[in-house]
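A.B. asks: fold the following and give me the result.
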Amino acid sequence: MSVIKESRVRIEADEAAARVAGFAPKPPLYAAGTPVNATGEHNYKVSRRKFEDLPSATMALKKLQNEIEQENRQDVFLPWNSLRFAPTMGIQLPMGFVLPTEEVAQRQSSSKIFPSQRAWGFLVTLPPDFRAQILNDGCHRKQWSGGGSARVRARSIRQQDQAYAIVSEEYAPLETDGLAQMVSKSSPPDAKGSVLYDGQRATMEALWHAPAALEGLAAGDFFKAGLRFTTADDGTSSIRAEAVLWRNLCLNLIIIDESIVRLGRVVHKGNLSATTDAVLQQVKAGLLAIGHFRDKWIKAEADEILKGTDPETVIGRLVHRGLVSVPGYSADELGRRLLTAYHEEPGYSRTSIVNAISRAAHSHDWSNIWAVESLERQASKVVAFQYKLDIPGEEEVEDRVKVFVRQVTGRSAEPVAPITLATESTQHVKGGLLEL
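C.D. replies: Here you go, the predicted structure:
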């Protein structure tokens, strides 16, 4: 099968950009530029359709924030000599109430009280009453040896309070909802979002995809890119950040290379401001790493959208893909405002769309003080097809850190008494359609 020259040139340029950014993509199984077959075309359409069905990163991360907030989390600091375990491994509280503990918290309690990592494996074999006695005696000894306090992390699951972690008092949590908020605010509005949260660990992604009309799709094409953050708020994992590139290695779009640049790891200790600053720098580094792909894909998609003949459809696609956006305004609300401005001077050229964006900036009242400047800048992007990566500068990152720290420290847990609680590069081979 012959190689498509234009595809080979595109792939070689993309691979060079990927390597400069720090990726080490695997080579395709066929000569770069060899066109995919009918199955490959179908699987690419499936991949693109799944991407289009994803919510915006802002919406996906906001949903995760709401889910975490509904858990009504609270941290309580208890001196080790006041920590008491019931035979059920629950924590005994005043007035005879027992706070149930999740398995992670049970394991953590044994590792904090006893130096051996095998302690829990031994304790679970003991009768419940005897196990509780050993743990409570261990709490006393830990306090005598200057053990400090335990940070008991509690939350409400289906209106039932339970402890999900027992960590040291030095643990400085950057909660999952706080991380989601930072990733959301730092990511361009055109990103799609994918979130997985199982009650313990969370994975959040900001994603971009090659356009639907990718001419000469071939072996070796890079077709998806994103930032991935993983974290856990129970002391079992630090915050890890990665930039990811997906590459087609075969003719069926079934063998996929997932090339990763690790952006760093942030532990839950130390100064909160330093932690949030480190996370924001990870976002910035990740966006730079995938910038080549995001820039050209967004530009191609914007060009594709603006070729439409129906102005209302064009405006709808622009706002729903985040190519035109105003923070604090939904895509539907912004779309209505742009359409109102468009109908003041309708037309069927690209200039009419650009004029509608500029006119809306000045003819509407905006609660966001930067809306006018932002819309004017976005209008110039539309007319010139120049969608460049918006990356916060050093001063902006510093400002975001300060604002975020003020927000989260306002609800930081402090020691209270008595306790009060609310009621690398890997290949993925799929047997059928590509699942991303």
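A.B. asks: can you give me the buried ones in stretch 81-96?
C.D. replies: Counting neighbours by 16 or more other Cβ atoms under 10 Å, one finds that the buried residues in stretch 81-96 are 83, 85, 86, 89, 90, 91, 92, 93. C-betas here are computed from N, CA, C, even on glycine.
A.B. asks: and that stretch, how far apart are its ends?
C.D. replies: 18 Å (Cα to Cα, to the nearest Å).
A.B. asks: what about residue 304, distance to residue 288?
C.D. replies: 25 Å (Cβ to Cβ, to the nearest Å).
A.B. asks: hang on, the earlier thing: go through the buried residues of stretch 81-96 and say which is closest to residue 33.
C.D. replies: residue 89 (60.5 Å; Cβ to Cβ).
A.B. asks: what's the closest non-adjacent residue to that closest one?
C.D. replies: If the residues on either side of it in the chain are set aside, residue 89 comes closest to residue 106, at 5.0 Å by Cβ to Cβ, 6 or more residues apart in numbering.
A.B. asks: quick one, grab the pLDDT at the one you found.
C.D. replies: Per-residue pLDDT puts residue 106 at 87.
A.B. asks: and what of residue 424?
C.D. replies: Taking residue 424 on its own, its pLDDT is 47.
A.B. asks: residue 295 too?
C.D. replies: 88.
A.B. asks: and the strands in the stretch 1-150 of the chain?
C.D. replies: 74-79, 91-92, 98-99, 149-157 (DSSP state E, counting those that start in this stretch).
A.B. asks: helices or strands up against the second one?
C.D. replies: Secondary structure elements in contact with strand 91-92, counted by 3 or more Cβ pairs under 8 Å, 6 or more residues apart in numbering; DSSP states H and E, are strand 98-99.
A.B. asks: for the record, mean pLDDT for the strand it packs on?
C.D. replies: Rounded mean pLDDT across strand 98-99 is 88.
A.B. asks: direction included, what does that strand pair against?
C.D. replies: Counting by DSSP bridges, the strands paired with strand 98-99 are strand 91-92 (antiparallel).
A.B. asks: could I get the full set of helices for the stretch 1-150 of the chain?
C.D. replies: If DSSP state H, counting those that start in this stretch is used as the criterion, the helices of the stretch 1-150 of the chain fall at 5-20, 38-53, 57-69, 103-113, 119-123, 128-144.
A.B. asks: average pLDDT for the fifth one, rounded please.
C.D. replies: Think helix 119-123. Rounded mean pLDDT across helix 119-123 is 84.
A.B. asks: tell me which other helices or strands it touches.
C.D. replies: Taking 3+ Cβ pairs under 8 Å, 6+ apart as the contact cut, helix 119-123 packs with helix 103-113, helix 128-144.
A.B. asks: restricting to C-alpha, output the longest one in CSV.
C.D. replies: This points to helix 128-144. Extracted in CSV, the C-alpha atoms of helix 128-144 (Å, rounded to 0.1, in the frame of the first residue of the first chain):
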residue,chain,number,x,y,z
PRO,A,128,-12.3,-7.9,67.7
ASP,A,129,-12.2,-7.1,71.4
PHE,A,130,-8.5,-8.1,71.7
ARG,A,131,-7.7,-6.1,68.5
ALA,A,132,-9.3,-3.0,69.9
GLN,A,133,-7.4,-3.3,73.2
ILE,A,134,-4.1,-3.6,71.4
LEU,A,135,-4.8,-0.6,69.2
ASN,A,136,-5.9,1.6,72.1
ASP,A,137,-2.8,0.6,74.1
GLY,A,138,-0.7,1.5,71.1
CYS,A,139,-2.3,4.9,71.0
HIS,A,140,-1.2,5.5,74.6
ARG,A,141,2.3,4.5,73.9
LYS,A,142,2.5,6.7,70.7
GLN,A,143,1.4,9.7,72.7
TRP,A,144,4.0,9.1,75.4
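A.B. asks: tell me what that helix is packed against?
C.D. replies: So helix 128-144, by 3+ Cβ pairs under 8 Å, 6+ apart, packs with helix 103-113, helix 119-123.
A.B. asks: do the same with the first one
C.D. replies: Judged by 3+ Cβ pairs under 8 Å, 6+ apart, the packing partners of helix 103-113 are helix 119-123, helix 128-144, strand 149-157, strand 160-168.
A.B. asks: would you mark the buried spots in that helix?
C.D. replies: Buried, per 16+ other Cβ under 10 Å, within helix 103-113: 104, 105, 106, 107, 108, 109, 110, 112, 113.
A.B. asks: next: the last one.
C.D. replies: Taking 16+ other Cβ under 10 Å as the neighbour-count basis, helix 128-144 is seen to contain the buried residues 131, 132, 134, 135, 136, 138, 139, 142, 143.
A.B. asks: check the last one and give its pLDDT.
C.D. replies: This points to residue 143. Value for residue 143, per-residue pLDDT: 58.
A.B. asks: the fifth one now?
C.D. replies: Listed pLDDT for residue 136 reads 87.
A.B. asks: got the contact list for it?
C.D. replies: When contacts are counted by Cβ atoms under 8 Å, 6 or more residues apart in numbering, residue 136 touches 83, 84, 85.
A.B. asks: surely the second one and residue 92 touch.
C.D. replies: Yes. Taking contacts as Cβ atoms under 8 Å, residue 84 lies within contact range of residue 92: 4.1 Å.
A.B. asks: residue contacts, residue 45?
C.D. replies: residue 212.
A.B. asks: who does the residue positioned nearest the centre of the chain form a beta bridge with?
C.D. replies: Nearest to the mean C-alpha position of the chain, by Cα atoms, centre = their mean, lies residue 204 at 3.0 Å. Taking DSSP bridges as the rule, residue 204 bridges to residue 195, residue 229.
A.B. asks: correct me, but it touches residue 60?
C.D. replies: Yes. Using Cβ under 8 Å, residue 204 makes contact with residue 60 at a distance of 7.4 Å.
A.B. asks: identify the contacts common to the two.
C.D. replies: Contacts common to residue 204 and residue 60, judged by Cβ under 8 Å, 6+ apart, are 193, 194, 195.
A.B. asks: do you know how far residue 136 is from residue 87?
C.D. replies: 11 Å.
A.B. asks: same question for residue 358.
C.D. replies: The value you get for residue 358 to residue 87, if Cβ to Cβ is used, is 70 Å.
A.B. asks: which secondary structure state does residue 241 sit in?
C.D. replies: strand (DSSP: H, G, I helix; E, B strand; the rest coil).
A.B. asks: show me what the strand or helix carrying residue 281 is packed up against.
C.D. replies: In the assignment (DSSP states H and E), residue 281 maps to helix 272-289. Packing partners of helix 272-289 (3+ Cβ pairs under 8 Å, 6+ apart): helix 176-186, strand 222-232, strand 239-248, strand 255-266, helix 394-409.
A.B. asks: compare the ones you listed and give me the one nearest residue 297.
C.D. replies: strand 222-232 (8.0 Å).
A.B. asks: now do the closest one: distance to the chain's middle.
C.D. replies: 8 Å (Cα atoms, centre = their mean, to the nearest Å).
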